[in-house]
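In: no sequence on this one, just coordinates:
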Ligand SMILES: O=C(CO)COP(=O)(O)O
């Protein structure tokens with residue numbers, strides 16, 4: 001990857017890390033290098049993370065509007081807290097097809113950038129048909145592991161790029177699972193991805209800033 005628009009999205013999931021410390025490291029590395037680095041914390045930490053100045057994403061928005069929806073993650077509330085984008089249908093928070101569509105509508109209503117996650121090329125193409133800004137292919141069996149999707153299963157990335165491009169050339173294809181080094185980022189770019197999603201490589205690191213500097217070296 002050589003494009004500074006390429007996204008490195010750090011999903012903090014529910015890891016026991018300090019979201020503000022990681023957000024500050026991401027903001028520092030983004031400022032120093034011009035790389036696009038974003039953080040997706042727990043919903044309750046969105047405002048604190050956004051206050052660091054880093055690009056902030058939600059991990060999920062619910063397929064609802066304002067109203068009687070206890071326990072939901074309202075897209076407008078996420079945007080008010082400072083998020084500018086959201087994941088939808090992450091492998092660890094799968095939705096029904098109609099709910100992916102309604103979550104996309106909610107995110108668009110709130111002005112959020114959208115990335116729908118998928119397991120494989122067929123799902124990637126189907127997700128692209130719903131018109132998100134991006135689709136992220138993340139093979140569930142590689143999530144949380146040490147081997148990056150781009151080296152363990154390059155065909156899944158290339159085939160997802162093709163599947164998404166065949167449906168809608170305006171939809172970006174990101175990839176994720178096991179990404180933790182600049183080499184992994186470079187390999188993903190060579191396969192046609194314009195962004196990477198990663199979690200454990202940064203959230204579990206002793207020195208998140210050092211990992212981030214290595215990651216952006218692959219752009
Ligand atoms: O699920 C992921 C990002 O959304 C990937 O997680 P890991 O980077 O821990 O494999």
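Out: Looks like it came in fine. The structure displayed is predicted, hence computed values, not measured ones.
In: Near the ligand, which residues of this structure are found?
Out: Within the chain, the positions lying close to the ligand (C-beta under 6 Å from any ligand atom) are 11, 90, 138, 143-144, 176-179, 197-201. In short, each C-beta sits where N, CA and C put it, glycine included.
In: What ranges in the chain fall below the confidence cut-off?
Out: Counting by pLDDT under 70, the chain contains low-confidence ranges at 1-4.
In: Taking the chain centroid, which residue in it is the extreme one?
Out: Here the centre of the chain is the reference, and by C-alpha atoms, centre = their mean the most remote residue is residue 68, at 28.6 Å.
In: Next up, the contacts around it.
Out: Not one residue lies near residue 68 by C-beta atoms under 8 Å, 6 or more residues apart in numbering.
In: same check, this time on the one 10 residues further on
Out: Neighbouring residues of residue 78 by C-beta under 8 Å, 6+ apart: 43, 46, 58, 61, 86, 110, 112.
In: Which ones among those residues lie within helices?
Out: Per DSSP state H, helices hold the following members of the contacts of residue 78: residue 46.
In: Now tabulate the contacts of residue 78 in JSON lines and tack on neighbour count.
Out: JSON lines is the format used below for those (neighbours: other C-beta atoms under 10 Å):
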{"residue": "43", "neighbour count": "17"}
{"residue": "46", "neighbour count": "25"}
{"residue": "58", "neighbour count": "25"}
{"residue": "61", "neighbour count": "28"}
{"residue": "86", "neighbour count": "27"}
{"residue": "110", "neighbour count": "19"}
{"residue": "112", "neighbour count": "23"}
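In: which one of the contacts of residue 78 is nearest residue 15?
Out: residue 43 (14.5 Å; C-beta to C-beta).
In: The closest one contacts residue 59, doesn't it?
Out: Yes: if you go by C-beta atoms under 8 Å, residue 43 and residue 59 touch, sitting 7.1 Å apart.
In: related to what we said a few turns ago, filter the residues of the chain next to the ligand down to the buried ones, ChimeraX style.
Out: To isolate the buried ones among the residues of the chain next to the ligand in ChimeraX, judged by 16 or more other C-beta atoms under 10 Å, type:
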select :11,90,138,143,176,177,178,179,197,198,199,200,201
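In: Which of the residues of the chain next to the ligand fall in strands?
Out: Secondary structure defined by DSSP state E assigns 11, 176, 197, 198 of these to strands.
In: and the third one, what is it in contact with?
Out: Right, the one you point to is residue 197. Counting by C-beta under 8 Å, 6+ apart, residue 197 touches 9, 11, 87, 115, 117, 136, 138, 174, 175, 176, 177, 179.
In: Okay, and the beta partners of the closest residue in space to the last one that isn't next to it in sequence?
Out: Counting by C-beta to C-beta, 6 or more residues apart in numbering, residue 198 is the residue found nearest to residue 179 once chain neighbours are left out, at 4.2 Å. Per DSSP bridges, residues listed as beta-bridge partners of residue 198: residue 10.
In: and what of residue 137?
Out: residue 118, residue 175.
In: Isn't it up against residue 162?
Out: No: with contact defined as C-beta under 8 Å, residue 137 does not count as touching residue 162 (11.4 Å).
In: between these two, which one's more packed in?
Out: More neighbours surround residue 137 than the other of residue 137 and residue 162, with 28 against 15 (other C-beta atoms under 10 Å).
In: how near is the more buried one to the ligand?
Out: Distance from residue 137 to the ligand, counting by C-beta to the nearest ligand atom, to the nearest Å: 11 Å.
In: now the strands for the chain?
Out: Ranges of strands in the chain, per DSSP E, are 7-11, 36-40, 55-58, 85-88, 113-118, 134-137, 172-176, 195-198.
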